[in-house]
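Asker: coords below, sequence missing:
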């Protein structure tokens, strides 16, 4: 039950991290006839940077599920070890 609770917490933390992590930086487009960007241009660039980047054509992605699962097991094992040590004190 403790492991399930920790896995749920890990999943929640990952989602929180993805929500606050900026995906990419986008360049502010300045119209050709203007010298400076307007607030609207800056807001559009900021909004575009919050979106996930587009996948490039032909880009290969490895299946990361085994790596993530192994990392979760290591975290859970470490947390279990910490709890054991705390119980001994």
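Answerer: Great, that's in hand. Because the structure is predicted, anything quoted here is derived from the model rather than measured.
Asker: and residue 73, how many neighbours does it have?
Answerer: 12 (other Cβ atoms under 10 Å). Glycine gets a C-beta too; all of them are placed from N, C-alpha and C.
Asker: mean confidence (pLDDT) on the helix or strand hosting it, please.
Answerer: Using DSSP states H and E, residue 73 falls within helix 65-88. Computed over helix 65-88, the mean pLDDT rounds to 84.
Asker: and residue 61, what pLDDT?
Answerer: Reported pLDDT at residue 61 in the predicted model: 56.
Asker: assign residue 30 to helix, strand or coil.
Answerer: Recorded secondary structure, residue 30: coil (DSSP: H, G, I helix; E, B strand; the rest coil).
Asker: let's have the chain start at 58 instead
Answerer: Sure thing, new numbering starts at 58, so read that last one as residue 87.
Asker: so for it, what's the nearest residue that isn't a sequence neighbour?
Answerer: residue 94 (4.9 Å; Cβ to Cβ, 6 or more residues apart in numbering).
Asker: which helix or strand contains the one you found?
Answerer: Using DSSP H and E, no helix or strand contains residue 94.
Asker: buried set for the helix holding residue 130?
Answerer: Neighbour-count burial for helix 122-145, with 16 or more other Cβ atoms under 10 Å as criterion, is recorded at residue 129.
Asker: from residue 58, how far off is the spatially most central residue of the chain?
Answerer: In the chain, the residue lying closest to the centroid (Cα atoms, centre = their mean) is residue 75, at 2.8 Å. Using Cβ to Cβ, to the nearest Å, one obtains 26 Å as the distance from residue 75 to residue 58.
Asker: one more: residue 70?
Answerer: Using Cβ to Cβ, residue 70 is found at 19 Å from residue 58.
Asker: which of these two has more residues huddled nearby?
Answerer: Counted by other Cβ under 10 Å, residue 70 and residue 58 do not tie: residue 70 has more neighbours, with 10 against 5.
Asker: the more buried one: which element?
Answerer: For residue 70, the element it lies in under DSSP H and E is helix 59-77.
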